[in-house]
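Engineer: next one to model:
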Amino acid sequence: MSLILDAGAFIAVERGDRDIIALVKRERLAERSPLTHGGVVGQIWRGGAGRQAGVARLLAGVDIKPLDETLGKRAGVLLGQGGGMDAIDAALVCLASDGDELLTSDPADLRDLAQAAGVHIDLIPV
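Structural biologist: Residues are numbered from 1 along each chain as shown. Model (predicted):
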């Protein structure tokens, strides 16, 4: 099982959301790294100073997959199947496996993408 983070999860950490921080700590205690991709980092990264200090610490322990040609193509195919418009969200779903948890500020769109991908994930709203 993996914990996958969208931009909303990082923003929640930036705001000090204790529930989200606890989920990330649970992963670390289980010696697992939360997962995201470089496109999400581009959405949330503004330099790591000030309020983003928590985001910088979180990123240090996250497995960040490249949003490369292969993942991009998979995301594009998924968008074609699911009728979505957001390649960043589609790429997150492409990283997921059955039983994974995905922290998201956009559960409706991700639910549609997960259904189109045929992957059974738990969407946790942030």
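Engineer: make it CA atoms for all contacts and neighbour counts henceforth
Structural biologist: OK.
Engineer: neighbours of the closest residue to residue 106 other than its chain neighbours, how many?
Structural biologist: Of all residues beyond its chain neighbours, the one nearest residue 106 is residue 125 (7.2 Å), with distances taken as Cα to Cα, 6 or more residues apart in numbering. For residue 125, the count of nearby residues is 14 (other Cα atoms under 10 Å).
Engineer: residue 125 contacts residue 109, correct?
Structural biologist: No: in this structure residue 125 lies outside contact range of residue 109 using Cα atoms under 8 Å: 11.7 Å.
Engineer: could you pull up phi and psi at residue 42?
Structural biologist: With angles defined as degrees, to the nearest 10, residue 42 sits at phi -60, psi -30.
Engineer: list the beta-bridge partners for the residue nearest to residue 106.
Structural biologist: residue 104 (DSSP bridges).
Engineer: can you pull the pLDDT of it?
Structural biologist: Looking at residue 125, its pLDDT is 95.
Engineer: and it, what does it touch?
Structural biologist: Contacts for residue 125 (Cα atoms under 8 Å, 6 or more residues apart in numbering) come out as 103, 104, 105, 106, 107.
Engineer: quick one: the residue lying farthest from the centre of the chain from residue 18, how far?
Structural biologist: Taking Cα atoms, centre = their mean, the residue of the chain most remote from its mean C-alpha position is residue 50, at 22.6 Å. Per Cα to Cα, to the nearest Å, residue 50 is found 18 Å from residue 18.
Engineer: which residues in the chain form strands?
Structural biologist: 3-5, 35-37, 63-65, 101-104, 122-125 (DSSP state E).
Engineer: does anything pack onto the second one? Which helices or strands?
Structural biologist: Spelled out, it's strand 35-37. strand 3-5, strand 63-65, helix 87-95 (3 or more Cα pairs under 8 Å, 6 or more residues apart in numbering; DSSP states H and E).
Engineer: pull the residues that contact the first one.
Structural biologist: Okay, so that is strand 3-5. By Cα under 8 Å, 6+ apart, strand 3-5 touches 24, 27, 33-36, 92, 96, 100-104.
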